[in-house]
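S.K.: here is my input; please provide its structure:
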Amino acid sequence: MASYDPNNVFAKILRGEVPSYKVYEDDRAFAFLDIMPRSPGHTLVIPKAPARNILDVAPDDLAHVMKVAQKIAKAAMKAFEADGVTVQQFSEPAGGQVVFHLHVHVMPRKHGVALKPPASVKEDPAVLSDQAARLAAALVEG
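M.R.: Next up, the predicted model:
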């Protein structure tokens with residue numbers, strides 16, 4: 001397995017070098033909207049610690065990322081009036097990973113509405129800004 005690359009786009013987001021639509025942040029994790037969402041509110045949850053994927057992340061960091069993913073999923077159900085949620089994690093190219101910083105996808109779902117294909121449509125910034133605000137507000141409300 002290749003080593004962690006500190007110049008991946010998610011590491012740059014963590015350092016503030018690339019903008020993002022932040023939804024949640026604490027001392028160990030960061031959550032932001034996917035700019036090419038597969039569903040409205042599609043959020044990525046990442047550890048702040050450098051980790052290529054599930055194969056090299058420290059167990060405590062993985063547990064924390066999943067705890068945050070659960071928080072995001074519950075808030076997304078409310079914010080987007082979802083009927084369910086899809087949670088995905090891909091590791092290494094053969095597993096479907098494209099960005100090599102551990103990330104968990106949290107995608108709110110509606111009955112009968114298919115996910116968009118991966119990386120197919122870049123969402124309008126105004127839409128993303130509104131969705132991030134709605135999700136952040138649902139997190140505060142609990």
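
S.K.: and stretch 71-80, which residues are buried?
M.R.: 71-73, 75-80 (16 or more other CB atoms under 10 Å). (Glycine included, C-beta is placed from N, CA and C.)

S.K.: distance check, the residue nearest to the spatial centre of the chain against Gly112.
M.R.: In the chain, the residue lying closest to the centroid (CA atoms, centre = their mean) is Leu44, at 0.4 Å. Noted for Leu44: a distance of 25 Å to Gly112, by CB to CB, to the nearest Å.

S.K.: how about Asp27?
M.R.: For Asp27, the distance to Gly112 - CB to CB - is 40 Å.

S.K.: try Leu128
M.R.: Taking CB to CB, one finds Leu128 at 24 Å from Gly112.

S.K.: cool, and Leu139?
M.R.: Relative to Gly112, Leu139 is positioned 27 Å away (CB to CB).

S.K.: between the two, which has more neighbouring residues?
M.R.: More neighbours surround Leu139 than the other of Leu139 and Gly112, with 19 against 6 (other CB atoms under 10 Å).

S.K.: make sure that one is indeed in a strand.
M.R.: No - counting by DSSP: H, G, I helix; E, B strand; the rest coil, Leu139 is not found in a strand; it is helix.
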